[in-house]
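**Q** mind folding the following:
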Amino acid sequence: MNKAELVAAMAEKTGMKKNDAEKALKAFVDVVTDELVKGEKIQLVGFGTFEVSERPEREGRNPRTGETMKIAASKAPKFKAGKALKDMINA
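**A** Numbers count the residues shown, from 1 in each chain. Modelled structure (predicted):
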């Protein structure tokens with residue numbers, strides 16, 4: 001499902017206009033992004049948790065030359081599904 005299909009499905013399910021559903025989706029994405037940038041965690045009970053995972057600096061290897069190199073520390077967004085979502089998928 002792409003963004004347009006998601007917006008259409010949200011509009012149909014809620015009875016909103018597609019334009020309003022798109023605004024709601026954009027607002028959700030913006031809020032989640034802003035909170036993750038601040039290092040906060042967003043927990044939607046029954047659905048899941050969005051959080052930032054910190055990856056430490058590590059040593060890697062260049063596959064072409066075999067030479068070792070340092071891979072810088074970084075942060076990555078992470079989603080962990082909640083129990084209710086897992087149960088619905090596995091039912």
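
**Q** switch to C-alpha atoms for all contacts and neighbour counts from now on
**A** Noted.

**Q** if the most centrally placed residue in the chain is in a bridge, with which residues?
**A** The residue lying closest to the centre of the chain (CA atoms, centre = their mean) is residue 79, at 5.4 Å. Beta-bridge partners for residue 79, by DSSP bridges, are residue 50.

**Q** contact partners for it?
**A** By CA atoms under 8 Å, 6 or more residues apart in numbering, residue 79 lies in contact with 48-51.

**Q** narrow these to just the buried residues.
**A** 48, 50-51 (16 or more other CA atoms under 10 Å).

**Q** which SSE is residue 36 in?
**A** helix 18-37 (DSSP states H and E).

**Q** now do the buried residues in that helix.
**A** The neighbour-count check on helix 18-37 (16+ other CA under 10 Å) flags 18, 21-22, 24-25, 32-33, 36 as buried.

**Q** and for stretch 41-61?
**A** 42, 48, 50-52.

**Q** just flag the most distant two among these.
**A** By the measure CA to CA, 48 and 52 form the most distant pair in these, at 13.5 Å.
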